[in-house]
Each structure stands twice: as C-alpha cells, then as structure tokens.
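J.: would you be able to build a 3D model of this:
(chains A and B)
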Amino acid sequence: MATPFTGPNADRTRRWLPLATLVILMVVVGVMQPTFLYPATLLQLASDTAVLFILAAGVTFVIMLGGIDLSLQSMASLASVVVALTVAQLGYGSFVLAIGIGAVAGLLSGLAHVKLKVPSFITTLAISGVLFSTALVISGERSITLGEADRNYQAWITGSFFGIPGVIIIGFVVFVLASVLQSRTPFGRYIAAIGAGEPAAYASGVRVSRYKVYAFILSSTLAALAGVVLAGRLASGSPTLAAEMLLPSIAAVVVGGTAITGGVGSIWQTLVGSLIISVVRIGMTFLGVNIFAQNIVFGTVLIVAVAITIDRSKIPIVK
Amino acid sequence: MSNATAAAVTVKPRPFAGLQRLAGWAPLAVLVLLCILIAVINPNFLSFGNVVRISQSAMVPMVLGIGATLIILMGSVDLSVEGVLTLAAVLLSMLVLNGANANELGLFAVVIVLAVGAGVGCINGMINVYLKVPSFMATLGTWFIGVGVGNALLGGMAIRINDPLIRGLAIDRFLGFPWGVWVAVLCVIIALAIQNYTRLGRHIYALGGGEELAALSGISVAKVRIAAFTLAGVFYAVGGILASAQLGLGNAQIGSGRLFTTITAVVVGGTSLSGGRGGILQTVVGVLIVVVLTNGMVLVGVEPSVQIGVQGVMIITAVALSINRKLMKIVK
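T.: Have a look, this model is predicted:
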C-alpha cells in the first residue's frame, strides 16, 4: 500500500519534520498570544517540559529497542509517594531511595520480559499494576502534602541558579547524560542495533538480553527521577500524581521521530518531541481546552505520528 | 515473524501433547481449588447471597473479557477497553432519562451507544489495517481519545441515571439474579455462537494461528480484523451500559482500572497472547478466577488496593506459563 513519506528523500523529510513542526507551532502560538515568546514565558515552557522530557528520555531507549514501557506513570507516582513519606526522616536519602526503587522496578520488568519472554507491553502493564498498588497501600490511598520543613530539601528542584530554574538544569543534565549514552557509548549503539534487527545483533555477539534489561532499568530509573522532580514542584506525593503522563510521554518520543519498530531515533529528537507536546498543550490551554480533553488531541497525534514514522518493511504482519 | 509462521506449519506432533491438553484444564482446576479454599476459610462464600454478589461483580468484566478475547485470539491486543466503556457510559447517562438534561430516549439511547461502540471499534480496526499501525499503539491512542471525549462531554461531572429500564438492569431480578447478569450470560452465548458457528469466528482463529497462511487461503484479513474490532467495540459498549446501570450514573472515571482486570481475566483463562489458542469459554473461567479471588480477598480481609498488585503478578505468571516459546524467536 502506498503511503506518504516513502521514497528517496523520505528519511531526510522524516528527520527534519519534527523540528519544522515545533518552529511552526511556536510561531502559531506566538501569533495567538504574543507574550508566549517573551523570555520569561519560554523559561516557564522549559520548566514545564522538563518532567515530560525526563520520562520521555527514559522510554526512548526502550522504544528504540522496539519495546514499550507502560509503567512509567505508575513508577513516577510511586516515587513521589516514597519521597513524600520519607523525606522528613531521610532528608536527601529519600530521593536516593525513590530512584533506587525505580531501578529495581526496571530490573524486574526487564527480567520478566527477557527471561520469561513475556511481551514488553504486557510485562510493563502488569508491573504498572504492582507499582500502583504499592503506592496506594503505602500512601493509604491519599495525597500527601510535603511539610514546610521538608520543602528545604526540594530547593534543588524548586529554586533557581543564576536565574535558571532548577528543573531546567536537571532536565539539561538528563539530556546531556542520555545523549552521551545514546550516541557515544557501546550501550547506545547496541540498543539501536537490537532495534534495527535483533537476530543480526545477536549473531554479531551483542548480549541482547542484557542490554534490554539495561534499557528497562534506565527507563524506570528516569521515571522515578521524574516523579521526584514532580513531587518537588507540586510539594506533594500521590498514587495518581503522574497518572496523566503516560500518553504525552510516549507521544513525545514518537512525535520526535523515534519509530516504535525500533532502531531509529535519538534523545535529541525526543527533546524536540517533548517541546512539541508542551507547546501544543499551551496552545490548547490558550484556546480553553479542558486538561483531560487534551488527551483527545494527544491520542490522535500519537496515532498519526506512529503511522508516519513506522518502518513497515520490518513488520510484514501488523498485529 | 515469517519464520515463526513457517515453523508453525511444519510442526510435528509434540511428545508432550498429553501434557499440553492437561495444561488447558489448569485454569478450571485453579478456579475450583480457589472456590474450595475460600469456602473452607469462610463458609459464607457459598451462600446464595454471595454467589449473587460474585455474579454482579463478574457481569461487567465478563462482557469486556469477551470483546478482548476476540482481539487477542487474532494475536492483536485491544487497550481501548476503558475508552469505549467510558464513552458508552457517559453517552448513555446523557441520552436516557437523567438528572442533568431533558433527554429521554430510553431504548433508542442503548442503540445509539452500541452503535458508537461499534464505530470506535471499527476505527481501531481501520487504523490497524489501513495505516498499518500495530493494534496496541492504535488502541492506546483510542483509549485516551475515548476517555478524553467522555471528559470533554461531562467536564468532570457525574450524571445520575433515572431511566427505570437502565436502573432495572442492576436492581430488578429474575430467578434471584439482576437482569444485568442475564445480559452478560446472553453476551457469552452470542459470542460462543459467533466463535463456533460463524465464518468470522473461524477466520479469527485462522488469523491468530498464522496470518500469512490465512491470507493465502483466501481469507480477507482486513475484513476479518475490522469486523472483530467492531464486534469487540459493541461488547465494550454493553460493558459501559452495565457499568453505568450498576453505579446509577455516568462519569469519566467509570472505566478506570477495567482494562487491567480484562486483560488479566483473558490471559489467566488461558487465551494465548500470540493468538490462535483459547476462546470465550476460557475467558469465562478467567473472569470467574479474577472475580472469585477478589471476592475471597474481601472475605478474608485483604485491602482492595492490594488486589491490583495481585492481578499484576497474575498477568505475568499466566502469560509466562502460556507462551509457546518454540514459536517465538523474538519477543518485543
């Protein structure tokens, strides 16, 4: 079947399409609301994008493998609950604990996926249930507000350094580290190789299972970090704090141009994708679209982006 | 994938065929054991009142499970369960006699809601077939679109349903069971008839067993897929009607958590995620396992929030036990 975005120039078009979309969207929103392009507003945009980007950066590695992580919103929520419950006793240790739980959850997802050969969407859906349940139980099914004294520990998130908000710096550090991992290390190359063709990667001696597990650990750890940051920004933790973030995160990755068939994509593209999602969200808020109804747009965007980026030669049978 | 199908075609009778047949009965054995165990701990489990209670909590998961089974049998998956259910429940509450507007369409509203369910299912199928988007991604999108439309229509409110016909599904009884339970039983019978006695049913199995082979033998894969997704959408809409009848209202949170129970029930019943094996009866057993376990945990005094976690562990265990690893070279 003939589809658009095939042919000799398709790859180049695909690579630049997301960035072009972002620029056009920013101009459109800027015309609608001129204050949008003021430095203060752009800084606010970057702050709002940081959490989404951290989530999306983690799941980028899993999607590049050709897998998916549907547990990131539950992991982020659980991390926020862990921070809210333990920051009074553990101080900065609560962040380490929350992020450590993220790593363990990712390890469990990865092992269940690789050792039991359970498809990743079902593994992570199930792990998501376990994490959500844990968050419900330890929080007593309620939202926990951080005390005044505990908020001092959140200064690295809520404060600013030389005029730049802490969240942007955290997001930037994640961007640099994830970019280096993805483009400058064997890990990044193996992930892309496994996504591009698993049997070939296996045959050339790549330890496929091991790198898959690493990717799931990375995804879950970054999700936990996102939860920690979110807890700091909202000064609370709750089992549903990040419930609405799954769809935007996956949409951000796919809109940036990372194909769900694996092998193609980069952290840089995920950053562009995250910014697109944020700008669309701000645009919709200007137009007065209800925050939950915005999922109608993100759901549609997700399907369209997947349809454009997917590599159909890799899936002769679409299940 | 093509290697896997080729292997499936040339597969020889396995030495453990008897064991495999035995494994097919495992879910039923689990269900029976579970019932005995809970009845021993708390004899109230077998009282008529509790059996009715179990049937009430099983009716919505049953209808949803039936729909999802049709899709999973093809080797696809449908994550839009909550989206369609929410949309159906919200629309129904707005169209029948209710506490928010002057509509009073009665039975006609039910027809509209079923048609909307069919429409969303059909869109799922068309995205899957014509845009060649894998079903889990297509239905992930429509899941959130459905819930989003529900939210946009209600804006966070809940609408009380005052229509006696809809309320009667949960309140009025026949032979001691609410009418909603009988609707679910009727759905099981209809689905069994479709699965066993129609061409669509046989073609769904054929697609799950090996799509290339099915296409080569002249089955119109596109038509079967779209029909199956459409049918599943209708069943989810029935689930939405029953769920809103049970709560007596429609709101945008009515679907929350139901996808999870549905997938658990289908895979615990023994329908294979890789397609071709399992069926409606297996899902009936799976739904009963999930519901009986929940009911038992309540009787024993386990917190409801723990149950989601238990279901998560059940999903992984059931899928891990049922996957035929010989046929799966690459697991994504």
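J.: now A:Ala135: how far from chain B?
T.: Distance of A:Ala135 to chain B, given as CB to the nearest CB, to the nearest Å: 9 Å. Every residue, glycine included, has its C-beta placed from N, CA and C.
J.: and that residue, helix, strand or coil?
T.: Three-state assignment for A:Ala135 (DSSP: H, G, I helix; E, B strand; the rest coil): helix.
J.: ok, the nearest residue to it once chain neighbours are set aside - contacts?
T.: Nearest residue to A:Ala135 in three dimensions, chain neighbours excluded: A:Pro239, at 3.7 Å (CB to CB, 6 or more residues apart in numbering or on different chains). By CB atoms under 8 Å, 6 or more residues apart in numbering or on different chains, A:Pro239 lies in contact with A:77-78, A:81, A:132, A:135-136, A:139, A:141.
J.: mind checking which of those residues land in strands?
T.: In strands, defined here by DSSP state E, there are no members of those.
J.: any quick PyMOL command for the buried ones out of the residues you listed?
T.: This is the PyMOL syntax for the buried subset of these, where burial follows 16 or more other CB atoms under 10 Å in any protein chain shown:
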select buried, chain A and resi 77+78+81+132+135+136+139
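J.: now flag whichever of the contacts of A:Pro239 is closest to chain B.
T.: A:Leu136 (3.6 Å; CB to the nearest CB).
J.: helix, strand, or coil at the residue nearest to the closest one when sequence neighbours are not counted?
T.: Nearest non-adjacent residue to A:Leu136, counting by CB to CB, 6+ apart: B:Ser305, 3.6 Å away. Of the three states, B:Ser305 takes helix according to three-state DSSP.
J.: wait, B:Ser305 touches A:Gly129, no?
T.: No. In this structure, B:Ser305 is not within contact of A:Gly129 by CB atoms under 8 Å, at 10.8 Å.
J.: OK, contacts around the residue positioned nearest the centre of chain B?
T.: Nearest residue to the geometric centre of chain B (CA atoms, centre = their mean): B:Gly65, 1.8 Å. Neighbour list for B:Gly65: B:262, B:265-266, B:269, B:283-284, B:286-287 [criterion: CB under 8 Å, 6+ apart].
J.: what about the nearest residue to B:Leu91 once chain neighbours are set aside, which helix or strand?
T.: Spatial nearest neighbour of B:Leu91, excluding adjacent residues (CB to CB, 6+ apart): B:Val113 at 5.3 Å. Using DSSP states H and E, the element containing B:Val113 is helix B:107-130.
J.: what residues are up against the residue nearest to A:Leu136?
T.: Contact analysis of B:Ser305 by CB under 8 Å, 6+ apart lists A:133, A:136-137, A:141.
J.: what's near enough to touch residue 129?
T.: Picking chain A for this. A:Gly129 sits next to A:74, B:260, B:308-309, B:311-312, B:315 when contact means CB under 8 Å, 6+ apart.
J.: nope, chain B
T.: By CB under 8 Å, 6+ apart, the neighbours of B:Val129 are A:318, B:221-222, B:225-226.
J.: same thing but at 7 Å, please
T.: B:222, B:225-226 (CB atoms under 7 Å, 6 or more residues apart in numbering or on different chains).
J.: not counting its neighbours along the chain, what's nearest it?
T.: B:Val129's closest residue in space is B:Ala222 (CB to CB, 6+ apart), at 4.6 Å.
J.: kindly report the same for A:Gly283.
T.: A:Val29 is the one closest to A:Gly283 (CB to CB, 6+ apart), at 4.6 Å.
J.: burial check on the one you found, number of neighbours?
T.: A count of nearby residues for A:Val29, using other CB atoms under 10 Å in any protein chain shown, gives 22.
J.: what do you get for the one 4 residues further on?
T.: Neighbouring residues of A:Gln33 were enumerated by other CB under 10 Å; the total is 15.
J.: tell me the confidence at the residue lying closest to it once chain neighbours are set aside?
T.: Using CB to CB, 6+ apart and skipping residues adjacent in sequence, the residue nearest A:Gln33 is A:Phe286, 5.3 Å away. pLDDT, the model's per-residue confidence, is 81 for A:Phe286.
J.: now B:Leu22
T.: Confidence score, pLDDT, at B:Leu22: 70.
J.: what residue ranges in chain A score low on pLDDT?
T.: When residues are selected by pLDDT under 70, those of chain A lie in A:1-12, A:316.
J.: quick revisit: contact partners for the residue nearest to B:Leu91?
T.: Counted by CB under 7 Å, 6+ apart, B:Val113 has contacts B:88, B:91-92, B:237, B:240-241.
J.: tell me how far it lies from B:Leu231.
T.: 15 Å (CB to CB, to the nearest Å).
J.: okay, now residue 79: neighbour count?
T.: Reading this off chain A. Counted with other CB under 10 Å, A:Ala79 comes out at 35.
J.: I was after chain B.
T.: With other CB under 10 Å as criterion, B:Leu79 counts 25.
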